[in-house]
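Participant: fold the following for me, if possible:
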Amino acid sequence: MSWNKLSVPFLALTVIACSAASPAVCPAHVTDSSGDHPLYNASLYDGPPEQMVDLTPVSGANVDKWDLGGVDPYLVCKFQGTTKVVTMHAAGAKTCEAGKKPFQAYCKP
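Facilitator: Next up, the predicted model:
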């Protein structure tokens, strides 16, 4: 993932706003000045994404899954046609999943 000057402040604000005492769920879309952008992908990191410790999921038929024993998960939601991302600190999550149609990504305690 490439980071630009605009995504880092957005990332910092999003992490502060989305502490995860409850499940972390990627929004279905984001809107900016160029329009509405659907969720199309997600990544999971052990620690803040800028540390670049990207976790590899176990791929299933319709969803990718992560079991989170011993990690500090951050869910990064990616949207089609924009560099905007939504990042959530999924503290306390036990599992995360991404996939299905329409695309969904979430972490559960």
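Participant: residue ranges of the helices in this structure, please?
Facilitator: Here the chain has its helices, by DSSP state H, at 7-17.
Participant: bridged to Pro38, which residues?
Facilitator: On the basis of DSSP bridges, Pro38 is bridged to His29.
Participant: what about it, neighbour count?
Facilitator: 13 (other C-beta atoms under 10 Å). Quick note: C-beta positions are derived from backbone N, CA and C, even for glycine.
Participant: which residues does it contact?
Facilitator: 28-29, 79-80, 102-103 (C-beta atoms under 8 Å, 6 or more residues apart in numbering).
Participant: for Glu97, what are its contacts?
Facilitator: So Glu97 contacts 63-66, 104-108 (C-beta under 8 Å, 6+ apart).
Participant: try it again with 7 Å
Facilitator: 63-65, 106 (C-beta atoms under 7 Å, 6 or more residues apart in numbering).
Participant: show me which of these is closest to Ala90.
Facilitator: Nearest to Ala90 out of the contacts of Glu97 is Tyr106 (C-beta to C-beta; 8.8 Å).
Participant: what's the closest non-adjacent residue to the closest one?
Facilitator: Take Tyr106 and drop its neighbours on the chain: the residue closest to it by C-beta to C-beta, 6 or more residues apart in numbering is Val25, 4.4 Å away.
Participant: measure the one you found to Asp64 for me?
Facilitator: Going from Val25 to Asp64 by C-beta to C-beta, to the nearest Å gives 16 Å.
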